[in-house]
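[1] Show me how the following folds:
(chains A, B, C and D, ligands or ions: 2)
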Protein chains: 2
Amino acid sequence: MSATIARKRISESTIHRLSLYYRTLSLLEKENYETVSSKELAKREKLTPAQVRKDLSFFGSFGTRGLGYNVNELKLKIESILGIDREWRVALIGVGNIGSALVSYKEFARQGFHIIKLFDNDQRKIGSNHKGIVVSDIKDLEKEVKEANISMVILAVPATVSQYIVDDVVKAGVTAILNFAPVNLRVPPFVHLRNENMSMELEYLSFAMVNNHAPKKPK
Amino acid sequence: MSATIARKRISESTIHRLSLYYRTLSLLEKENYETVSSKELAKREKLTPAQVRKDLSFFGSFGTRGLGYNVNELKLKIESILGIDREWRVALIGVGNIGSALVSYKEFARQGFHIIKLFDNDQRKIGSNHKGIVVSDIKDLEKEVKEANISMVILAVPATVSQYIVDDVVKAGVTAILNFAPVNLRVPPFVHLRNENMSMELEYLSFAMVNNHAPKKPK
DNA sequence: TACTTCTTGTGAACCATTTCACATGACTCC
DNA sequence: GGAGTCATGTGAAATGGTTCACAAGAAGTA
Ligand SMILES: NC(=O)c1ccc[n+]([C@@H]2O[C@H](COP(=O)([O-])OP(=O)(O)OC[C@H]3O[C@@H](n4cnc5c(N)ncnc54)[C@H](O)[C@@H]3O)[C@@H](O)[C@H]2O)c1
Ligand SMILES: NC(=O)c1ccc[n+]([C@@H]2O[C@H](COP(=O)([O-])OP(=O)(O)OC[C@H]3O[C@@H](n4cnc5c(N)ncnc54)[C@H](O)[C@@H]3O)[C@@H](O)[C@H]2O)c1
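    Ligands and ions are numbered 1, 2, ... in the order given. Reported below is the predicted structural model:
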């Protein structure tokens, strides 16, 4: 039975926690840990051991009773579940403040997300070189996205133009989009869209401070 | 009764949705809407009308039966609930790729988050000017944070040093931290810590693609 | 082999969040 | 002012997510 074929619908929180486990397992591997228990993993993530075991149990049984999980083995399993055991071909649109920062971010490539195309509509940016990638004209989006076999797009353009660009991106056949603009974008039902909203986290902090909310587990 | 005094513990999802409502209300205001129904608000956020009404009901009753909510009035209420009806004095630590992008981001100030101090440990950056703010030496963190009456910190330093810096930030009396490094930071129980983790959203997209998850409501 | 210790995997119980459904109130129009 | 329409606010029901609790497997010891 393949680990990635999930029977039940898996919750968003479970997937997010898998990301956390993955990061911690990478660390444990560097620290030369051979095995790790759900208890130890939970402690590091400020979760309960039962939560860790339940999350993993949706995808199979990877541990050994009495021993725990083999660190490297579990890491590979999670890689396969999350689909980061392959090379994703990613285009980034909008090489501005945040876009430039993202291009320089090496962690993405380490997890299989390879930004191999950049697009902008600013003549001063088109043709310029960022980390070895030449910025393309947004006008050539459809053609170049198809040619380069891009399957994911990071959108870092002003909110005002995001919807137009997303429409073009969808036309070009891309089905996964990570959007940084603070807008609700419309996409067809077969396209996966996630939003990165930094104001939201600041607002959460603000709410917590004003309401003297006892801080609980950080997100 | 003050709207910000919440009787029950309010869920994280409710607060995040308030952020969404706030953004949409700002938009509706610009579009000269006088009132808005839970139905319309829900449609724009891809939620149910009941969800919208329930979220708001935790804080009071702001609507008019048969009419809906007054756009401006509700916006002000949410501002007060989220605590963004005031000026937050924010310091940003680590003026690198992502740090520079965040300093340039005007949206934060518009929501009351004023970045008024920058810190770095790189001699080439210390003393330089970013958007009118001179970068301070991280060595002076405690002194300057206290002097400037900072109450929130955005942390954009390498993961390897984040814990040390966070310890200093806490020593300086700051109780709200937004961390961009992919690490689990330890803070005392009275400090609010949130993490911004961009890899997580890419990994979610990857998972969704690989598992042919029917895309649902975007985050 | 028998005994102890450790820790998984998982139904069942518990708790939280979302959705339903409807009584209630506000406004409009004849 | 009575009838009709619309949309809120909220208990109650339904759904979904987390934690409990324990049977059972694995390894070590003697
Ligand atoms: N800067 C931040 O820290 C930050 C934080 C959170 C969210 N965001 C969001 O990210 C987006 C980008 O922000 P930024 O600060 O990088 O802005 P920016 O203006 O620096 O960058 C936007 C880039 O998009 C390009 N662009 C504009 N129209 C285009 C088009 N039609 N086709 C292709 N490219 C186009 C511009 O030339 C520019 O290079 C915005 O939606 C912003 O709200 C930014
Ligand atoms: N670049 C991105 O797009 C991106 C995306 C997600 C997360 N992050 C995270 O954000 C953090 C910063 O990333 P970046 O790409 O901006 O890196 P960067 O190296 O460009 O910036 C880091 C900055 O921190 C400063 N710094 C280092 N040690 C310091 C210290 N002890 N005290 C004060 N300042 C110090 C450096 O001088 C530099 O200016 C990292 O943890 C990274 O993982 C970055």
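
[2] mind checking the SS state of the residue of chain A most remote from its centre?
    Of all residues in chain A, residue A:66 has its C-alpha farthest from the mean position, at 33.3 Å, by CA atoms, centre = their mean. At residue A:66 the chain is in coil, as set by DSSP: H, G, I helix; E, B strand; the rest coil.

[3] residue contacts, it?
    Listed by CB atoms under 8 Å, 6 or more residues apart in numbering or on different chains, residue A:66 has no contact partners. From N, CA and C alone the C-beta is placed, and that goes for glycine too.

[4] do residue A:161 as well
    So residue A:161 contacts nothing (CB under 8 Å, 6+ apart).

[5] Against ligand 2, how distant is it?
    21 Å (CB to the nearest ligand atom, to the nearest Å).

[6] Would you list the phi and psi of the residue farthest from the centre of chain A?
    Residue A:66 has phi and psi values of phi 90, psi -20 when expressed as degrees, to the nearest 10.

[7] Quick check, pLDDT for it.
    With respect to pLDDT, residue A:66 scores 92.

[8] Same check on residue A:1?
    The predicted local confidence for residue A:1 is 34.

[9] quick one, helices of chain A?
    A:12-30, A:38-45, A:49-57, A:71-82, A:97-103, A:106-110, A:141-147, A:159-171, A:198-210 (DSSP state H).

[10] Could you export the ones you listed as a markdown table, including mean pLDDT?
    What follows is the helices of chain A, written out as a markdown table (pLDDT from 0 to 100):
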| stretch | mean pLDDT |
| --- | --- |
| helix A:12-30 | 97 |
| helix A:38-45 | 96 |
| helix A:49-57 | 97 |
| helix A:71-82 | 97 |
| helix A:97-103 | 98 |
| helix A:106-110 | 95 |
| helix A:141-147 | 97 |
| helix A:159-171 | 98 |
| helix A:198-210 | 97 |
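
[11] okay, those helices in JSON lines with distance to DNA strand D next?
    As requested, the helices of chain A are exported to JSON lines (distance: least, CB to the nearest atom of the strand, whole Å):
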{"stretch": "helix A:12-30", "distance to DNA strand D": "4"}
{"stretch": "helix A:38-45", "distance to DNA strand D": "9"}
{"stretch": "helix A:49-57", "distance to DNA strand D": "4"}
{"stretch": "helix A:71-82", "distance to DNA strand D": "13"}
{"stretch": "helix A:97-103", "distance to DNA strand D": "29"}
{"stretch": "helix A:106-110", "distance to DNA strand D": "25"}
{"stretch": "helix A:141-147", "distance to DNA strand D": "33"}
{"stretch": "helix A:159-171", "distance to DNA strand D": "26"}
{"stretch": "helix A:198-210", "distance to DNA strand D": "17"}
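
[12] How many neighbouring residues does residue A:149 have?
    Using other CB atoms under 10 Å in any protein chain shown, residue A:149 is surrounded by 9 other residues.

[13] And the one 4 residues further on, by the same measure?
    Neighbouring residues of residue A:153 were enumerated by other CB under 10 Å; the total is 28.

[14] dump the residue contacts of it.
    A:90-93, A:145, A:169, A:174, A:176-178.

[15] ok, what's across the strand from it?
    residue A:91, residue A:177 (DSSP bridges).

[16] what's the domain layout of chain A?
    A:3-82, A:88-200 (automatic domain parsing).

[17] Make TSV out of these and add distance to residue B:119.
    Below are the domains of chain A laid out as TSV (distance: least, CB to CB, whole Å):
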stretch	distance to residue B:119
domain A:3-82	26
domain A:88-200	18
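
[18] To residue B:33, which of those domains lies closest?
    Comparing these against residue B:33 with CB to CB, the closest turns out to be domain A:88-200 (15.7 Å).

[19] Next one: that closest one, is it in contact with ligand 1?
    Yes: with CB under 6 Å from any ligand atom as the criterion, ligand 1 is reached by domain A:88-200 at A:93-99, A:119-122, A:125, A:138, A:156-159, A:161, A:165, A:180-182, A:198.

[20] Check those residues for burial and list the buried ones.
    Among the residues of domain A:88-200 next to ligand 1, those buried by neighbour count (16 or more other CB atoms under 10 Å in any protein chain shown) are A:93-99, A:119-120, A:125, A:138, A:156-157, A:161, A:165, A:180-182, A:198.

[21] re earlier: tabulate the helices of chain A in JSON lines, adding columns for distance to residue B:134.
    Converted to JSON lines, these look like this (distance: least, CB to CB, whole Å):
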{"stretch": "helix A:12-30", "distance to residue B:134": "35"}
{"stretch": "helix A:38-45", "distance to residue B:134": "38"}
{"stretch": "helix A:49-57", "distance to residue B:134": "46"}
{"stretch": "helix A:71-82", "distance to residue B:134": "42"}
{"stretch": "helix A:97-103", "distance to residue B:134": "19"}
{"stretch": "helix A:106-110", "distance to residue B:134": "29"}
{"stretch": "helix A:141-147", "distance to residue B:134": "40"}
{"stretch": "helix A:159-171", "distance to residue B:134": "30"}
{"stretch": "helix A:198-210", "distance to residue B:134": "23"}
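
[22] Please identify which of those is closest to residue B:55.
    Going by CB to CB, the one of these nearest residue B:55 is helix A:198-210, 12.8 Å.

[23] Which secondary structure elements does the closest one sit against?
    With contacts taken as 3 or more CB pairs under 8 Å, 6 or more residues apart in numbering or on different chains; DSSP states H and E, helix A:198-210 sits against helix B:12-30, helix B:71-82, helix B:106-110, strand B:113-120, strand B:152-155, strand B:176-179, strand B:192-195.

[24] In chain A, which residue sits nearest ligand 1?
    residue A:96 (1.7 Å; CB to the nearest ligand atom).

[25] Need the phi and psi values for whatever residue of chain A ends up closest to ligand 2.
    Across chain A, the shortest distance to ligand 2 (CB to the nearest ligand atom) belongs to residue A:105, at 3.5 Å. Torsion angles at residue A:105 (phi, psi; degrees, to the nearest 10) stand at phi -80, psi 110.

[26] pretty sure it contacts residue B:101?
    No: counting by CB atoms under 8 Å, residue A:105 does not reach residue B:101; the two are 10.9 Å apart.

[27] Tell me which of the domains of chain A sits nearest to DNA strand C.
    domain A:3-82 (2.7 Å; CB to the nearest atom of the strand).

[28] ok, and does that closest one reach over to DNA strand C?
    Yes: counting by CB under 7 Å from any atom of the strand, DNA strand C has neighbours in domain A:3-82: A:37-39, A:49-50, A:53-54, A:56-57, A:61-69.

[29] Grab the CA positions of stretch A:112-125 and hand them over as PDB.
    Coordinates of the C-alpha atoms in stretch A:112-125 are reproduced here as PDB (Å, rounded to 0.1, in the frame of the first residue of the first chain):
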ATOM      1  CA  GLY A 112      12.400  20.500  -4.000                       C
ATOM      2  CA  PHE A 113      10.900  23.900  -5.000                       C
ATOM      3  CA  HIS A 114      13.000  25.200  -7.800                       C
ATOM      4  CA  ILE A 115      12.300  28.700  -9.000                       C
ATOM      5  CA  ILE A 116      13.400  28.500 -12.600                       C
ATOM      6  CA  LYS A 117      11.500  31.300 -14.200                       C
ATOM      7  CA  LEU A 118      11.000  35.000 -13.300                       C
ATOM      8  CA  PHE A 119       8.500  37.300 -14.800                       C
ATOM      9  CA  ASP A 120       7.800  41.000 -14.500                       C
ATOM     10  CA  ASN A 121       6.300  43.800 -16.600                       C
ATOM     11  CA  ASP A 122       8.900  46.500 -15.700                       C
ATOM     12  CA  GLN A 123      11.200  47.200 -18.600                       C
ATOM     13  CA  ARG A 124      14.000  48.000 -16.300                       C
ATOM     14  CA  LYS A 125      13.700  44.500 -14.700                       C
END
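
[30] No further queries at this time; thank you.
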